[in-house]
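**Student:** Here is a sequence with its predicted model. Questions after.
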Amino acid sequence: MPDFKFWDSEKARLYAKAPDYPEAARRAIREMHRQVGPLVTDEQGVALRGVLLRHLVLPGGAAGTVDIMRWIARELSPETYVNLMAQYRPAGQVSAKQYAEINRRISSEEFHQAHEDFRVAGLRRLDQ
């Protein structure tokens, strides 16, 4: 159950102090998918094996959701099971002074847009 947090290395540097995060995440997720493939469940919906990819939607598109969804569909598989998460809450050092652009919860419109990005990318398996 890997997370893919940021598409852009500048955003990763700014928010996570890890400019190499996007490329490292792509490599690791690609390898996980190569080894176990898309999520497979039993009749009760219990996961047996495979990748369930989580993505936290950030305010103002800061995570690069549209690019991440396109990459998943193109580089992994349209059958990749994706969990879009809306629970972002600013905390810790996130403040209006230092990180004004992410110093709020996401709007319902932004979460709806993330679902649209998922759909337009051609992905088919969304964790509701």
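**Tutor:** Structure received. Numbers count the residues shown, from 1 in each chain.
**Student:** going forward, measure contacts and count neighbours with C-alpha atoms only.
**Tutor:** Will do.
**Student:** where does the chain have low pLDDT?
**Tutor:** Nowhere does the chain drop to pLDDT under 70.
**Student:** Enumerate the positions of the longest helix along it that are buried.
**Tutor:** As assigned by DSSP state H, the longest helix anywhere in the chain is helix 21-36. Residues 21-22, 25-26, 29-30, 32-33 are the ones in helix 21-36 that count as buried (16 or more other Cα atoms under 10 Å).
**Student:** ditto for stretch 60-80
**Tutor:** 61-66, 68-73, 76-80.
**Student:** and the most centrally placed residue in the chain, what element?
**Tutor:** With distances taken as Cα atoms, centre = their mean, His55 lies nearest the centre of the chain, 2.3 Å away. Element membership of His55, judged by DSSP states H and E, is strand 52-56.
**Student:** That strand to helix 21-36, inter-axis angle?
**Tutor:** Put simply, strand 52-56 runs at 160 degrees to helix 21-36, going by axes from the mean of the first three to the mean of the last three Cα atoms, to 10 degrees.
**Student:** Can you give me the distance of Pro2 to Glu116?
**Tutor:** Pro2 is 22 Å from Glu116, where distance means Cα to Cα, to the nearest Å.
**Student:** The helix or strand containing Arg13: how far from the chain's middle?
**Tutor:** Assigned by DSSP H and E, Arg13 belongs to helix 9-16. Its chain's average C-alpha position is 15 Å from that of helix 9-16, according to Cα atoms, centre = their mean, to the nearest Å.
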